[in-house]
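>>> Sequence below, structure please.
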Amino acid sequence: MNNSTDCTAFFAQNTDITGIGVRAAFYTQLFTLSVLPLLDRETRTSSFWTLFWTSLGLILASLVSAAEGELSFWSAVQVQYLVFISNAALIHLLPLDHHFGLRTWWKEAGGRDKLAIMFYIFHHILSLIVFIIFWILGEEFGPDTSCISSTTLYVSYKGPVDFMWAKYYSFLLYLSIIFLIGLTHMSLTEHGSNYLWRQRIS
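Take a look at the predicted model:
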């Protein structure tokens, strides 16, 4: 993000939401919870719920800050990418231990596993709705909204574009990546489980 005028408040950090301490703790927790199930499979469920509530808390805190006029658009962008990373990690932690495909797995899955799937879908939809609101109202909330017109965003190294188009590029990029990650993970999990199941019964 590049700004040609003296609009420092536009880039001000809300330390309760996107401060360096908050981000460092979030990254550390996310990495630990993602790696832990690889060492001990029994921790997958607890890791999922810990990360779910942490990410949900970040979303709710950003909504409260935005409603009180204390969340800048720059901080909202940072929240978006923190939640994006947690969405990708939550896909990894979902209890999709199926052998015959998703439909059969859903029939045979326990209540806790189904609850985790439903809560993940809720989290994903909620985060999308919140970010749609942020992108639509980005010019109307937070400090120094008058700086929007003089701000240039650099999106995915594409080059400088005006604020309105940058919003669309960033949001479409978010949707595309999270969709591809989820689709790839579910496909690999299903094929891998089917292969292991065939090996077990052969």
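>>> now the helices: where do they sit in the chain?
15-18, 20-39, 44-67, 73-93, 102-108, 111-136, 163-201 (DSSP state H).
>>> Residue 26 versus the residue nearest to residue 36 when sequence neighbours are not counted, what's the distance?
The shortest distance from residue 36 to any non-neighbouring residue, by C-beta to C-beta, 6 or more residues apart in numbering, is to residue 43 (4.9 Å). Bear in mind the C-beta positions are built from the backbone N, C-alpha and C, glycine included. Distance check for residue 43 against residue 26: by C-beta to C-beta, to the nearest Å, it reads 19 Å.
>>> so how far is residue 120 from residue 113?
11 Å.
>>> Same question for residue 32.
Distance from residue 32 to residue 120, by C-beta to C-beta: 19 Å.
>>> Looking at the two, which is more packed in?
Taking neighbours as other C-beta atoms under 10 Å, residue 32 and residue 120 compare with residue 120 leading, 18 against 12.
>>> Helix or strand with the lowest mean pLDDT in this protein?
In the chain, the helix or strand scored least confidently by mean pLDDT, DSSP states H and E is strand 2-3, which has a mean of 43.
>>> okay, and for this protein, where does confidence drop off?
Within the chain, the segments meeting pLDDT under 70 span 1-16, 18-19, 41, 95-110, 138-202.
>>> thinking again about what came up before, neighbour count for residue 43 and residue 26, which is higher?
Remark: of residue 43 and residue 26, residue 26 carries more neighbours, 19 against 15, as counted by other C-beta under 10 Å.
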